[in-house]
Structure formats: C-alpha cells, structure tokens
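>>> Here is a sequence with its predicted model. Questions after.
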Amino acid sequence: MYVLLSAFSFCECCFITTVIPKLLSIFLSGRQTISFSACLTQAFFFLFLGAVIFFLMAVMSLDRYLAICKPLHYASIMNLRVSFLLIFLCYTLSFILITCLVLKVSQLLFCGPHALPHFFCDLGSLIHLSCSDTRSVEMYFFFAAVFVILLSLIVTIITYSNIVVTILRLPSAKERQKAFSTCSSHLIVLSLMYGSCVFIYLQPKQVNRLDSNREAALVNTVVTLLLNPVIYTLRNKQVHQALRDTLSGMRLQK
C-alpha cells in the first residue's frame with residue numbers, strides 16, 4: 001500500500017507542476033503566451049501523468065481488495081516485485097496512448113485564431129483551433145479517454161463491490177467500521193477525480209463544451225490535488241495529534 005501511495009504522490013506532484021508554474025507566471029508577468037512546442041509538451045505531460053494516476057488508482061483498488069478479501073495471501077501476492085511491475089505497466093500503457101495522441105495533434109494545421117479559451121494547453125481546446133479535418137483525432141482522443149477512465153472505473157467498481165460484500169459479512173460492527181475506514185480515503189479521492197474527468201472527457205463534441213469544461217478542469221487540476229494530501233493524512237493518528245496541539249497552542253496565545 002505504501003509503495004503505491006508513494007508512486008501516486010510522486011505522480012501527483014509531477015502532474016500539478018505541468019500546469020500551475022505556467023499559470024503563476026502568467027498571473028505575475030501578464031504575458032499570456034506559449035509556443036506551440038511548449039503547448040504540446042504541457043499537454044503531453046498533463047495527459048500522460050493524468051492517465052498514470054487513473055491506472056494507479058485502479059491498482060490501489062486491487063490492493064485494497066486483496067488486503068480485505070484475501071488477507072492471508074496479501075503478502076505473497078502484493079510483494080515489492082509485483083508492485084513495481086504494476087507501476088511500470090501503468091506508466092508504459094499511458095505513455096503509448098498519449099504519445100500516439102500528441103503525434104496526431106502535432107500533424108494538424110493551425111491557421112488561426114491562436115487564442116486558447118482555457119487556462120492551460122488542453123488538447124481538446126487545441127484541436128478546436130485547427131483548420132484541418134480533426135474527426136480522426138477527436139475520435140482517437142475520445143476513445144483513449146474512454147479506455148483510460150472506464151477501464152480504471154470498471155476495475156474499481158468490481159473490486160469495491162467485492163470489498164463491500166466481504167465487509168458486510170464480518171461478524172462485529174467494530175471490524176466492519178475498521179475495514180470501511182481503510183477504504184474511505186481512497187473512495188473520496190476516486191469520487192473527486194472521476195466526477196470531474198467524466199464531465200470533461202467522456203462526452204461527444206459539443207458547441208459550448210469548452211466554456212463548461214474550464215470549471216471542471218480547475219477542480220481536476222487544482223482543487224482535487226490540493227485536497228488529496230489532506231484526505232489521506234487525516235486518518236493518521238499523529239496528524240490528529242499535531243492538529244490538536246496546534247489548535248490548543250492557538251487558543252493559549254489568544
């Protein structure tokens with residue numbers, strides 16, 4: 001679990017650096033410009049790391065399933081070798097999917113306008129600026145999003161369905177509460193991620209889609225990543241004690 005959480009945290013740190021530094025530089029300098037190559041690079045790392053995060057969430061669901069439903073076999077199945085192999089597969093599959101997508105977009109012609117109606121280089125917004133035939137690119141983009149999001153979602157639904165059934169069979173209420181508490185953080189993060197990404201990517205082309213996606217993209221790129229460390233650490237007893245000490249210290253100062 002901690003190996004997967006470390007990989008997930010590292011990927012999220014890299015993911016947020018694809019958007020926030022450039023966004024801050026725009027606020028501070030007032031220069032709302034980016035080169036085409038830099039735009040494609042930002043879009044590649046944004047989608048690549050985003051896909052890795054989704055696959056890692058599915059792997060973490062499998063990890064919780066094995067820990068709760070197969071506790072006696074957990075240590076032998078989810079060893080370090082298997083954990084690193086699953087992480088490697090997440091990165092490899094995401095790299096292949098997103099590289100093909102970015103290469104397709106780089107071959108499009110852009111004859112104006114050159115203003116993106118977004119706060120970062122989202123490929124969906126970039127495709128709408130092309131004067132080429134974008135049907136094949138949009139189709140690949142849509143099916144890549146469906147594959148990444150729905151595959152991880154299906155794995156998560158199946159594993160958590162089995163987890164819920166197993167937990168409900170536990171004899172005592174204390175055991176059921178303890179088992180649910182190990183999954184609560186993961187479920188909250190999943191709901192935030194899937195809620196925003198399904199709204200952004202799993203819908204066909206629409207005229208006013210870009211305007212409605214900016215708010216959802218803000219949740220996906222900033223709000224969710226800001227809340228994830230809080231969600232995961234609030235279950236830690238040391239964090240609870242540190243918060244109590246801080247609050248009591250603030251009261252004493254007043």
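Yep, it's here.
>>> Packing partners of the host helix or strand of residue 84?
According to DSSP states H and E, residue 84 maps onto helix 80-106. Judged by 3 or more C-beta pairs under 8 Å, 6 or more residues apart in numbering; DSSP states H and E, the packing partners of helix 80-106 are helix 2-17, helix 36-69, helix 123-128, helix 135-168. For the C-beta atoms, the positions are set from N, CA and C on the backbone; glycine is no exception.
>>> Just give me the lowest mean pLDDT stretch among those.
With a mean of 81, helix 123-128 has the lowest mean pLDDT of the helices and strands packed on helix 80-106.
>>> for that helix, the distance to its chain's centre please.
20 Å (C-alpha atoms, centre = their mean, to the nearest Å).
>>> burial measure for residue 153, as a count.
Residue 153 has 20 neighbours, counted by other C-beta atoms under 10 Å.
>>> per-residue confidence for the closest residue to it other than its chain neighbours?
Once flanking residues are discounted, residue 153 sits nearest to residue 194: 6.1 Å by C-beta to C-beta, 6 or more residues apart in numbering. Listed pLDDT for residue 194 reads 71.
>>> Any chance of TSV for the helices and strands packed on helix 80-106, columns distance to residue 223?
What follows is the helices and strands packed on helix 80-106, written out as TSV (distance: least, C-beta to C-beta, whole Å):
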stretch	distance to residue 223
helix 2-17	11
helix 36-69	15
helix 123-128	19
helix 135-168	18
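>>> Show me the one of these that comes nearest residue 222.
Minimum separation from residue 222 across the helices and strands packed on helix 80-106 (C-beta to C-beta) falls at helix 2-17, 7.7 Å.
>>> Look up phi and psi at residue 130.
phi -80, psi 150 (degrees, to the nearest 10).
>>> Contact partners for the residue lying closest to it once chain neighbours are set aside?
Once flanking residues are discounted, residue 130 sits nearest to residue 108: 4.2 Å by C-beta to C-beta, 6+ apart. Going by C-beta atoms under 8 Å, 6 or more residues apart in numbering, residue 108 touches 127, 130, 132, 134, 137.
>>> quick one: buried residues of the helix holding residue 84?
83, 86-87, 90-91, 93-94, 97-98, 101-102, 104-105 (16 or more other C-beta atoms under 10 Å).
>>> Tell me the one of those residues nearest residue 175?
Proximity to residue 175 was ranked across these by C-beta to C-beta; first place goes to residue 83, at 26.2 Å.
>>> now that closest one: how far from residue 22?
Per C-beta to C-beta, to the nearest Å, residue 83 is found 33 Å from residue 22.
>>> With residue 105 instead?
Separation of residue 105 from residue 22 (C-beta to C-beta): 18 Å.
>>> about what we covered before: can I get the buried residues of helix 80-106 in TSV with distance to residue 50?
Formatted as TSV, these follow (distance: C-beta to C-beta, whole Å):
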residue	distance to residue 50
83	21
86	18
87	16
90	12
91	12
93	13
94	8
97	11
98	9
101	12
102	13
104	18
105	16
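>>> Is it possible to get TSV of those residues that adds distance to residue 190 and pLDDT?
Converted to TSV, the buried residues of helix 80-106 look like this (distance: C-beta to C-beta, whole Å; pLDDT from 0 to 100):
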residue	distance to residue 190	pLDDT
83	19	91
86	17	93
87	18	94
90	16	94
91	20	95
93	19	94
94	18	94
97	21	93
98	21	94
101	24	92
102	27	92
104	30	91
105	29	90
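>>> shouldn't the residue nearest to residue 153 be in contact with residue 154?
No - at 11.5 Å, residue 194 does not count as touching residue 154 under the criterion of C-beta atoms under 8 Å.
>>> Those two: who's more crowded?
Between residue 194 and residue 154, residue 194 has the larger neighbour count (other C-beta under 10 Å), namely 18 against 11.
>>> can you tell me which of the helices and strands packed on helix 80-106 comes nearest to residue 175?
Nearest to residue 175 among the helices and strands packed on helix 80-106 is helix 135-168; the distance by C-beta to C-beta comes to 8.2 Å.
>>> Now find how far off-centre that closest one is within its chain.
Distance of helix 135-168 from the chain centroid (C-alpha atoms, centre = their mean) equals 13 Å.
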